[in-house]
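1. Okay, here's the prediction I keep looking at, along with the sequence it came from:
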Amino acid sequence: MITGPAIFEEYRIKVGPMIDKYGGRYLTKGNAHQFPEGGHWEPQRVVVIEFPDKHSLAGHNSPEYQPLIKLRKQSHA
């Protein structure tokens, strides 16, 4: 659950260029997902990003992404 919407908005704006840099593309985000068969999992927000290869995960460990991880975590309960 997003408890700091202003912090999350800052994260969202800053993470876009990082995703582009490493070749990522959104498959679903926000409330665009559906669970036609229901189930026990009831997420409030789902984001799925596809990257071209496993080497793109280097972006997650990059020095430029580390402050963004902190922002993302600060914005959630």
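-> Yep, that arrived.
2. could you give the mean pLDDT of stretch 58-77?
-> Stretch 58-77 comes out with an average pLDDT of 90.
3. ok, and for the longest helix seen in the chain, which residues are buried?
-> Scanning the chain for the helix with the most residues, using DSSP state H, yields helix 5-21. For helix 5-21, burial by neighbour count (16 or more other Cβ atoms under 10 Å) applies to 7-8, 10-12, 15. From N, CA and C alone the C-beta is placed, and that goes for glycine too.
4. most centrally placed residue in this protein?
-> Nearest to the mean C-alpha position of the chain, counting by Cα atoms, centre = their mean, stands residue 47 at 5.5 Å.
5. any idea how far it lies from residue 63?
-> 22 Å (Cβ to Cβ, to the nearest Å).
6. Tell me how far stretch 64-75 lies from the chain's centre.
-> Relative to its parent chain, stretch 64-75 has a centroid offset of 10 Å by Cα atoms, centre = their mean, to the nearest Å.
7. Would you mind writing the CA trace of that stretch as PDB?
-> This file holds the C-alpha atoms of stretch 64-75, laid out as PDB (Å, rounded to 0.1, in the frame of the first residue of the first chain):
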ATOM      1  CA  GLU A  64      22.200   5.200  -9.800                       C
ATOM      2  CA  TYR A  65      19.300   2.900  -8.800                       C
ATOM      3  CA  GLN A  66      20.200   2.500  -5.100                       C
ATOM      4  CA  PRO A  67      18.600   5.800  -4.000                       C
ATOM      5  CA  LEU A  68      15.500   4.900  -6.000                       C
ATOM      6  CA  ILE A  69      15.100   1.700  -4.100                       C
ATOM      7  CA  LYS A  70      15.100   3.700  -0.900                       C
ATOM      8  CA  LEU A  71      12.500   6.100  -2.300                       C
ATOM      9  CA  ARG A  72      10.300   3.200  -3.300                       C
ATOM     10  CA  LYS A  73      10.500   1.500   0.100                       C
ATOM     11  CA  GLN A  74       9.800   4.800   1.900                       C
ATOM     12  CA  SER A  75       6.600   5.300  -0.100                       C
END
